[in-house]
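Asker: The sequence isn't on hand, but the structure is:
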């Protein structure tokens, strides 16, 4: 009983329930593709997060590691999941970091897709595709063969005309 009482006393005096992330505070910024006039979107936690942490912990000792793609494509809805974040805390003594929780990161605003930028993206994807380059290469080779054979045929016709001119004399 004495050990349990000491443990409860320690927990009540040295630990507290603290808000480690709020849904209104941005965690990171993500690049957005295919949106007109909008380069990036801020990502926020899906919900407010509270955790039991030591009372003497400072904000600098709370570490947020994000797992998000390099960029996202528009359209994005408000509160659409984009990635995840893992929240850790580290002792002030420089100890090892300890995981508090994982949370989904969602977009803080709605972003519309630009039809014009989407069309340009599709066209650039087609022009950069392997098969498109192969087909263009084959067409160029066929055109080169055609021009070479037509030049050879012109020389033959010219030669045949000269021979006919000599026969007519």
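Answerer: Everything's here; your move. Source: prediction; values computed, not measured.

Asker: And the protein, what are its domain boundaries?
Answerer: Per the record, the chain has its domains at 2-112, 129-167, by automatic domain parsing.

Asker: For residue 119, find the nearest of these.
Answerer: For residue 119, the closest of the domains of the chain is domain 2-112, at 9.9 Å, according to C-beta to C-beta. Where you see a C-beta, it was placed from the backbone N, CA and C, and this is true even at glycine.

Asker: Any idea how far the closest one is from the middle of the chain?
Answerer: The chain centroid and the centroid of domain 2-112 are separated by 20 Å under C-alpha atoms, centre = their mean, to the nearest Å.

Asker: for the record, mean pLDDT for it?
Answerer: Regarding domain 2-112, the rounded mean pLDDT is 87.

Asker: Endpoints of it, how far apart?
Answerer: End-to-end distance of domain 2-112 (C-alpha to C-alpha, to the nearest Å): 62 Å.

Asker: can you check stretch 67-84 too?
Answerer: First residue to last in stretch 67-84 (C-alpha to C-alpha) measures 5 Å.

Asker: what number of residues lie near the closest residue to residue 32 other than its chain neighbours?
Answerer: The shortest distance from residue 32 to any non-neighbouring residue, by C-beta to C-beta, 6 or more residues apart in numbering, is to residue 41 (5.3 Å). Residue 41 is flanked by 24 other residues according to other C-beta atoms under 10 Å.

Asker: Kindly report the same for residue 106.
Answerer: Neighbourhood size, residue 106 [other C-beta under 10 Å]: 20.

Asker: Any chance of the backbone angles for it?
Answerer: phi -120, psi 160 (degrees, to the nearest 10).

Asker: same thing with residue 153?
Answerer: Dihedral angles (degrees, to the nearest 10) for residue 153: phi -60, psi -40.
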